[in-house]
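In: Just need the structure, nothing else, for what follows:
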Amino acid sequence: MAIKKCDFFQLFYQPTKEKEIIKQLIMELDEKEANHVIKTANDVLNHSFLFDMEWDMERTHEPVVFKGDIVWDILPKDDHEFTWQFNRHRFLMCLAQAYFLTSDEKYVEGFLELIKDFMRTQGDPTDKRNTTWRILEIGIRSGNWLKSLYLIQDSPLITDELLSEVYDFLVLHAEIIFNEHNPYCYAGNWGVLENHGLFLMGTLLPQNEQIVSYRKQALEVLEQAMNIQILPDGVQVEQSPMYHNEVLRCMLEVILFAKLADIPLKDDFVHTIHKMAEATRYLLKPNGTEIAGSDSDTMNGRPVLQLAATIFEDSKLKFSPTEDLSYDNIWLLLESGRRKLIALPYRDPDRTSLALWESGHYLLRSSWQTDADLLHFDCGSIGTSHGHSDLLHMDWVVEGEDVLVDPGRYTYVDKPERYQFKNLKAHNTFIVDETQPHKWFGSFHSNSGTTQMKSPFLQKGGYSFIEAGHSGFMHLDNPVWVTRRIIHLSPELYLVVDDSYTSGTHTYEQYYHFDAGGHVTLSDNVVLFKNKKNASGVILDQDMSFQLIDTEQANFYNEKIPNKTVLCKKKATGNQTYLSLLVKNFSKTTTIRRGPVVLRGRENPFKKDMVEGVTIHHKDEVYRIILGKVEMASVVDLYEYEGCLGCGKVIVFGPNDSTTGGVVLSW
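Out: Residues are numbered from 1 along each chain as shown. The predicted structure is shown next:
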């Protein structure tokens, strides 16, 4: 179809004055990243490809260099993720941005060389649907082509003839997405990323009946996807912070470009996207990075919040009072967006600690400062194909720095490392008989599942209480039901209680994976972790054996580094309870011991598999806790422990609490 340049760029044309402002703004705010992009563009001109942009989902650490023709379906190291990421053409954005910043036509020449080669050699999708024309790449690539073309529109090399050829080629992309629509599109990130691309083509390409039909279908799919795959608490169903934020970023662009094109969006659709942004705010660590849960990397989540805060004009989505636009957001929001973000007053979210109930995330946060403490506890569903076996897992951040971590994903290749990072032993949790609740086959599938029990998040009397359990060991010949309870006693103390309910003999393990950025020592039953700011400790249950083992942590795809893990182990019969105490600002005088609980005024203690007492000394504070594993099975009376009386399943008697009654956290 014959297309004129003025028609192709009619919706998204930047006046010369505006362009100069954007150039100046980019160099002012992030000259380092601008230079990184220009270097990447120069490498691409030499046919050297490395994926190390901030939001490259599957990063690489060694360049792939073509000495002759580009091999678009190349498969280095048997990792299809390189093939697919290569064919998303993110590098075209680098070439386009380099041209925008320098006005050097060599970047446009390189751009055109690559797209013409791709159109010539890959123009027929037949037999290429799992390499250069996988449907996910079709959606992502089409968006990258459109957004990069707009940045080089002023080049004399961008002609009507070229744009007519590009138009027809993008219509081929759109037709595949449009015609292959099926209910799978509603369920996961693929459907969103594909139809985000279809929406951009239906919005930004010169309008006619065919193009408008793309936009309408894309919006219908995205509306249904938001209805189905976003849980009521705002978390995307795949339970991966990285994919949650990738879906959110795409949906924010839909709102942005719909506003640009004056396309109305349904209120409940926009509300769901806003809810996603709120979930992102709660799930980011104090330093602004993602929790590396399930298939995620430790990526910077602040840019997606900037975009959301600006679009929704929501002060509680602004990460910090001094927040300014990131490099990528400058290109989307421009100077007007920057002014809006800066003018937006900063407000803390409504709560520091809460449960994202439907997704099973519990968050105990000391403040909204970047040096805050955070304990994240997870007992949600596996999260479909991108999920890991992370039931009852904890992440612990002290003064903004990681202490206990999820080690990440490392790879999608079906090899031992894939399962090493997916399995239960890779997480800070509780394991029975060295078994796995999920039986993995292939990189993304499990032929077994679990059910989870989650208690409401409770804050009472200055304490926070979390309890959750799962059925992952009920398949054993002698089944075991396990729960984990966490009591946040003070700003410096978290009591972790791991319970098993069974009649048989089993081997129990606890794993504590420490961040590679600190130094770990194990002495008797005390683990000391030192990093730049803090010395934190974990006092382990003396009834177990302990060893410090070498493990690995993957902050980014294709990259793993050594870290240390503490393994606790015990073989025992019948119901068991194992205690751990997480201690910020660890003191050698901090102690924890267990003792018998009786009925008031009586001598015979209950069996410890029914109820027991715990005493914790920390600095000048003493806490006594009555921990019941079962309901209070007695005549009407009070539990008694070291002079403290109360009725309930979990009762805390702290320094300022009455010794009669205490604070009941669970009945």
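
In: Touching, residue 377 and residue 466? I think so.
Out: Yes: using CB atoms under 8 Å, residue 377 is in contact with residue 466, at 5.5 Å. Yep, even glycine has a C-beta here, placed from its N, CA and C like the rest.

In: Which residues are in contact with each of these two?
Out: Residues within reach of residue 377 and of residue 466 at once, by CB atoms under 8 Å, 6 or more residues apart in numbering, are 362, 364, 486.

In: residue contacts, the one residue sitting closest to the centre of the chain?
Out: With distances taken as CA atoms, centre = their mean, the residue of the chain nearest its centroid is residue 241 (1.8 Å). If you count contacts by CB under 8 Å, 6+ apart, residue 241 has them with 280, 283, 290, 291, 292, 293, 294, 296, 301.

In: which residue sits closest to the third one, ignoring its sequence neighbours?
Out: In other words, residue 290. Nearest non-adjacent residue to residue 290, counting by CB to CB, 6 or more residues apart in numbering: residue 241, 4.2 Å away.

In: Report pLDDT for that neighbour.
Out: We have a pLDDT of 96 for residue 241.

In: What backbone torsions are found at it?
Out: When read as degrees, to the nearest 10, the backbone of residue 241 gives phi -50, psi -40.

In: bridging residues for the closest residue to residue 580 other than its chain neighbours?
Out: Distances taken as CB to CB, 6+ apart place residue 496 nearest to residue 580, at 4.3 Å, with adjacent residues excluded. Listed beta-bridge partners, residue 496: residue 486, residue 580 (assigned using DSSP bridges).

In: and residue 496, how many neighbours does it have?
Out: By the criterion of other CB atoms under 10 Å, residue 496 has 25 neighbours.

In: if we can go back for a sec, state the distance from the residue nearest to the centre of the chain to residue 291.
Out: 5 Å (CB to CB, to the nearest Å).

In: Common neighbours of the two, please.
Out: Shared contacts of residue 241 and residue 291 (CB under 8 Å, 6+ apart): residue 283.

In: domain ranges for the chain?
Out: For the chain, the structural domains run 8-180, 182-350, 354-586, 587-667, going by automatic domain parsing.

In: would you list those domains in TSV and tack on distance to residue 1?
Out: Formatted as TSV, those follow (distance: least, CB to CB, whole Å):
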stretch	distance to residue 1
domain 8-180	6
domain 182-350	9
domain 354-586	38
domain 587-667	68
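
In: pLDDT score for the closest residue to residue 50 other than its chain neighbours?
Out: Ranked by CB to CB, 6+ apart and with sequence neighbours excluded, the top spatial neighbour of residue 50 is residue 63, at 4.2 Å. At residue 63, the pLDDT value in this model is 95.

In: Go ahead and confirm residue 63 touches residue 48.
Out: Yes: contact criterion CB under 8 Å: residue 63 and residue 48 qualify, at 4.7 Å.

In: phi, psi of the nearest residue to residue 91 once chain neighbours are set aside?
Out: Leaving aside its sequence neighbours, residue 91 sits nearest to residue 44 (CB to CB, 6+ apart; 4.8 Å). Here is the backbone geometry of residue 44 (degrees, to the nearest 10): phi -60, psi -40.

In: okay, now residue 44: neighbour count?
Out: Here the number of neighbours of residue 44 (other CB under 10 Å) works out to 20.

In: Which residues lie in contact with it in this structure?
Out: With contact set as CB under 8 Å, 6+ apart, residue 44 has these partners: 91, 94, 95, 110, 114.

In: Please report how far the second one lies from residue 160.
Out: Between residue 94 and residue 160 the computed distance is 26 Å (CB to CB).

In: neighbour count winner among the two?
Out: residue 94 (22 against 14).

In: dump the residue contacts of the more buried one.
Out: By CB under 8 Å, 6+ apart, the residues touching residue 94 are 37, 38, 40, 41, 44, 53.

In: Fine by me, we can end here.
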